[in-house]
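[1] let's see this in three dimensions:
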Amino acid sequence: MMIIAFIWTLITGVVTAGLVASLYRMVTSKPPSFQMWQETTLGLVGGVVTLVLAGPSVIMRNALRAQVIENRPPAWLVLSALMSGLWSFLVGIFVLNIFLI
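    Have a look, this model is predicted:
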């Protein structure tokens, strides 16, 4: 039962990250990035919230691009996937905590 809860939480985090990243891209016409150039406080807060939720998607997009374009070692991709998975799990806990309580 514990494995099912872990997988459910991980999938929830991955889906949330993908949805937030897609929504951000749809609204701003550019992909989310760790470089924030907002001039207003509201824009900065929105960017931070977006990156907290879409971070796993940004990490994997950057890792896959680095693998293809820069020909980084496969260990780089594995470590990025592990980091993205952990972050997705934490986002999943956050989202499920909001919706289930």
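
[2] identify each buried residue in the helix or strand encompassing residue 19, please.
    Assigned by DSSP states H and E, residue 19 belongs to helix 2-28. For helix 2-28, burial by neighbour count (16 or more other C-beta atoms under 10 Å) applies to 9, 10, 12, 13, 14, 16, 17, 20, 21, 24. In this view, the C-beta of every residue, glycine as well, is placed from N, C-alpha and C.

[3] so what does residue 31 have for phi and psi?
    Backbone torsions of residue 31, given as degrees, to the nearest 10, read phi -70, psi 150.

[4] residues contacting residue 23?
    Neighbour list for residue 23: empty [criterion: C-beta atoms under 8 Å, 6 or more residues apart in numbering].

[5] confidence score at it?
    Looking at residue 23, its pLDDT is 94.

[6] mind giving me the packing neighbours of the helix or strand of the chain with the lowest mean pLDDT?
    Ranked by mean pLDDT, DSSP states H and E, the weakest helix or strand in the chain is helix 41-69, scoring a mean of 91. Where contact means 3 or more C-beta pairs under 8 Å, 6 or more residues apart in numbering; DSSP states H and E, helix 41-69 is packed against helix 2-28, helix 74-100.

[7] quick check: residue 77 vs residue 7, distance?
    According to C-beta to C-beta, to the nearest Å, residue 77 stands 22 Å off from residue 7.

[8] returning to what we had before: now do the buried residues in the least confident helix or strand of the chain.
    Going by 16+ other C-beta under 10 Å, helix 41-69 has these buried residues: 47, 50-51, 53-61, 63.

[9] same question, stretch 81-101
    Quick answer for stretch 81-101 (16+ other C-beta under 10 Å): 84, 85, 87, 88, 89, 90, 91, 92, 94, 95, 96.

[10] please list all residues in contact with the third one.
    This points to residue 87. Neighbours of residue 87 in contact, by C-beta under 8 Å, 6+ apart: 13, 17, 55, 56, 59.
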